[in-house]
Structures are given as structure tokens and as C-alpha cells.
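J.: everything below, folded, please.
(one chain, ligands or ions: 3)
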Amino acid sequence: MITTFQQHILHQQREVPYASGDFSWLLSGLTLAAKMIEAKIRCAGLCNIVGTAGQTNIQGETQQKLDVFANEALLHCLGVRDCVAALVSEENDEPVTFDRPPGEGKYVIVFDPLDGSSNIDVNVNVGTIFSIYRRKEDERSSGLDSVLQPGNCQVAAGYVLYGPSTMLVYTAGRGVYGFTLDPTIGAFVLSHDRMQMPERGKYYSCNEANAAQFPEHYRSYLEDLRISKAGQEYSSRYIGSLVADFHRTLLKGGVFLYPPTAGHPEGKLRLLYEANPLALIAEQAGGLAINGDEAILNLQPRGIHQRTPLVVGGRSEVERFLDLIREPQLARAEVESL
Ligand SMILES: O=P(O)(O)OC[C@H]1O[C@](O)(COP(=O)(O)O)[C@@H](O)[C@@H]1O
Ligand SMILES: [Mg+2]
Ligand SMILES: [Mg+2]
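T.: Numbering: from 1, shown residues only. Ligands and ions are numbered 1, 2, ... in the order given. You can find the predicted model right below:
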């Protein structure tokens, strides 16, 4: 018998003594928006949804028409739900807040409505990334405090991958589950139960065109992977859509990294709606996610569009990166202790 996403959520909610149904109602808004976006993507070349929207977002990126459509779909499907206090989107300069009746507005959702925008026009996998927090009780209005919480305060996180099939990968802190959209019934059906990220893998993923700009220790780590010094043969894979590169890493293991560059000294990817949700999924699946030395989930966000370097992958892969940067420090400490 099949298990749909809603059935899975209701089942999980039974284990939550104070569950009110608000959470599954919230998630139904996410899946509705995902289906609207999926429908547009499937006929992108036919329904005039490719190309730029002719405006620039706060990141300085030219918005694609599909960025705008996906953003509006999520803002609408989530905004009409009273349990939502605030929405933060990659495409909106400021949080979108709602005045809710007392006892409502329990949740804050942050999202990247369309990830991999540079791949839309060339029909390559793109995605939607989301992360859910509880609004802070002591905060009367849905202000920044509720939005700027560290990743380990996430109630749930996930992404939708629009690829050969459309998949929703989700965690609420009790394992990672994958659901595939069955077009014959229009529902996300459980297809990947309790996903585990392999400790090691044979792929590394990084935009090496920027390698000359990477800090030394990232370059030596990549060198290590290329010459298989770690006793493991690696091949390179880079799609340029974070969701797609992460999804492969989740299934096959290996490592994805986006180091600091000259153009993005703090990294290119955004902490709140790219790194944090994927870090929660990675860690729930047995992997690790760091910003070069610290766990992503422990970082205290300073701003809603804050960027961060990201190294995420199988436990041994990321530990190997950490060992590499610690080696010179250890060597130096040894010398100093002489
Ligand atoms: O072209 P680059 O520098 O390799 O960057 C690719 C990265 O940028 C992104 O496209 C940024 O995300 P958006 O498309 O949501 O802005 C990631 O999906 C991807 O990993
Ligand atoms: Mg993105
Ligand atoms: Mg985006």
C-alpha cells in the first residue's frame, strides 16, 4: 500500500503530544506550491516562463521569470495559512510578516523558491529549498528574532527537486524521507524511506573554475581528491544547481563544496535558505555540513540573506577536510611545543 507525504506527516504528528494539525496544514501549502511550480517547469518552453523577468533581486541577481512565479506561488500558498507568522524568501528584500489572531502564527518559513536559476533555460534540474522554525513565544510581533535562529532550531527542512521525476526530500529531525510525485494521482508518495548518506563516495562537486581564488586549504583538499591521495578514486560532477548536486551527494556520497571566492569572500550560498536546510538533512542522514571549520547548524545568523562557505557530504569526506586544515595547525603546534 502506498504512503503519501500527508499520511507520513499525520503519522509523525501522532508522536507529537501537542500536535494541532497546523503543521500538516502548513506543509500542504508547500506541496501545493511545489505542484504549481512543477507544472510550469514541465512545459517551461511552451508557456513563456523562460528568460529574465527584467528585474534584479537584493542579491544583485537578475531574476528569472520562474524565480518570480515560484516566489509568488509560495508566498500565496503559505500566506493564506493562519499558522504562518512570517515568510523569508531569497527573492524578497525583507521578511513578509502577517498580523495573525492570538494563538495563531506559530511558524516562520524561509525558502529559496527556485534554486539553480542559471539552469532553467537549459532544461537542467532545478529545485525549491525550505526551512521551518517555530516563532519565538516571547516575540509579540513576528520580528527578526524568530527568523534569525541557528539551523539546529529548525523544526523541519526539505527541498523539492524538479528533475526527470519530481522529488520532495524532507526531515523533521527524525530521519530523512524521500517522496516522488506520482502524476497519475497528483500526490507525493514515499519512495525513499530513512535515507542514509554513504560515509564515503566517489564524486566530488565544486565549481573549479574559481579554484585559483579559493583559500589554500581548499585548493590542497581538491588536489587531494583529484590525485586520490585519500586512497579513494574520485570523479568530478558539477550541475550548478545546489539542490541537484546535493541530492546526488545524499544518494551516492562524496562531497559538495562552495568555498569563498574573490567575488564572494563569505561564500556564495545563503545560510538561511540554502545551507541550513541542507545541513539538517545531511546530518539527519549521517553526513556532515560545515562552513570550512564550524558546523553550519551552530552558526548564529546575522542577516536574512547572509552568505556562507559550504562543505557538505559523507562523514568521512568532511572529516578528511577538517583533518587537512588541522594538520598544518597540529604540525605548527608540534614545532612550537619543541
Ligand atoms: O555558477 P556558480 O558560481 O557555480 O553557482 C552555482 C550555485 O548558485 C546557485 O545557483 C545559487 O542559487 P540560486 O539559483 O537560488 O540563486 C546554486 O544553486 C548553485 O550551487
Ligand atoms: Mg539557491
Ligand atoms: Mg533561488
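J.: quick check: residues of this structure near ligand 3?
T.: Counting by Cβ under 5 Å from the ion, the chain comes close to ligand 3 at 90, 112, 114-115. C-betas here are computed from N, CA, C, even on glycine.
J.: which parts of the stretch 1-150 of the chain are helices?
T.: 5-14, 22-42, 65-79, 144-147 (DSSP state H, counting those that start in this stretch).
J.: my read: Tyr204 touches Glu223, true?
T.: No - look at Tyr204 against Glu223 with Cβ atoms under 8 Å: they stay out of range, at 11.3 Å.
J.: more neighbours, these two?
T.: Tyr204 (23 against 12; other Cβ atoms under 10 Å).
J.: how about that one, nearest residue that isn't a chain neighbour?
T.: Spatially, and ignoring its direct neighbours in sequence, Tyr204 is nearest to Leu225 (4.7 Å; Cβ to Cβ, 6 or more residues apart in numbering).
J.: correct me, but that neighbour touches Tyr203?
T.: No - between Leu225 and Tyr203 there is no contact under Cβ under 8 Å: 9.6 Å.
J.: which neighbours do those two share?
T.: Contact criterion Cβ atoms under 8 Å, 6 or more residues apart in numbering; residues shared by Leu225 and Tyr203: 234, 255.
J.: how near is the residue nearest to Tyr204 to ligand 2?
T.: Separation of Leu225 from ligand 2 (Cβ to the ion, to the nearest Å): 24 Å.
J.: which strands and helices sit next to the helix or strand where that residue lies?
T.: Using DSSP states H and E, Leu225 maps to helix 216-226. Applying 3 or more Cβ pairs under 8 Å, 6 or more residues apart in numbering; DSSP states H and E, one finds that helix 216-226 makes contact with strand 255-258, helix 315-337.
J.: mind telling me which of these the model trusts least?
T.: Among those, helix 315-337 carries the lowest mean pLDDT, at a mean of 77.
J.: any weak-confidence spans in the stretch 51-200 of the chain?
T.: 138-143 (pLDDT under 70).
J.: rerun at 80
T.: Counting by pLDDT under 80, the stretch 51-200 of the chain shows low-confidence ranges at 137-144.
J.: dihedrals phi and psi, Val160?
T.: phi -110, psi 130 (degrees, to the nearest 10).
J.: the residue nearest to Tyr204 and ligand 1, how far apart?
T.: According to Cβ to the nearest ligand atom, to the nearest Å, Leu225 stands 17 Å off from ligand 1.
J.: report the contact partners of that residue.
T.: Taking Cβ under 8 Å, 6+ apart as the criterion, Leu225 is in contact with 204, 234, 255.
J.: sort out which one of these lies nearest ligand 2 for me.
T.: Val255 (18.7 Å; Cβ to the ion).
J.: what pairs with the nearest residue to that closest one once chain neighbours are set aside across the strands?
T.: Nearest non-adjacent residue to Val255, counting by Cβ to Cβ, 6+ apart: Gly313, 3.2 Å away. Beta-bridge pairing of Gly313 under DSSP bridges involves Val255, Leu288.
J.: what's the closest non-adjacent residue to His247?
T.: In space, and not counting its chain neighbours, His247 is closest to Leu161: 5.3 Å by Cβ to Cβ, 6+ apart.
J.: against Leu324, how distant is that neighbour?
T.: The spacing between Leu161 and Leu324, counted by Cβ to Cβ, to the nearest Å, is 30 Å.
J.: what do you get for Arg237?
T.: Counting by Cβ to Cβ, the gap from Arg237 to Leu324 is 21 Å.
J.: ok, now Phe69?
T.: Remark: distance between Phe69 and Leu324 (Cβ to Cβ) = 42 Å.
J.: repeat for Thr56
T.: Distance, Thr56 to Leu324, using Cβ to Cβ: 38 Å.
J.: more neighbours: the two, which one.
T.: Leu324 (17 against 11).
J.: which residues does the more buried one contact?
T.: So Leu324 contacts 217, 220-221, 224 (Cβ under 8 Å, 6+ apart).
J.: and the stretch 101-250 of the chain, which of its residues are near ligand 2?
T.: Counting by Cβ under 5 Å from the ion, the stretch 101-250 of the chain sits next to ligand 2 at 112, 115.
J.: in the stretch 101-250 of the chain, what residue comes closest to ligand 2?
T.: Nearest to ligand 2 in the stretch 101-250 of the chain, going by Cβ to the ion, is Asp115, at a distance of 3.5 Å.
J.: so what sits opposite that residue in the bridge?
T.: Asp115 forms beta bridges with Gly127, as assigned by DSSP bridges.
J.: in this model Glu274 seems to touch it, though I could be wrong.
T.: Yes - using Cβ under 8 Å, Asp115 is in contact with Glu274, at 7.0 Å.
J.: joint contacts of the two?
T.: Common contacts of Asp115 and Glu274 (Cβ under 8 Å, 6+ apart): 129, 242.
J.: circling back to that earlier point, which one of the contacts of Leu324 has the most neighbours?
T.: Tyr221 (26 neighbours).
J.: I'd say it and Phe321 touch.
T.: Yes - Tyr221 lies in contact with Phe321 (Cβ under 8 Å); the separation is 5.3 Å.
J.: what sits in contact with each of those two?
T.: Leu257.
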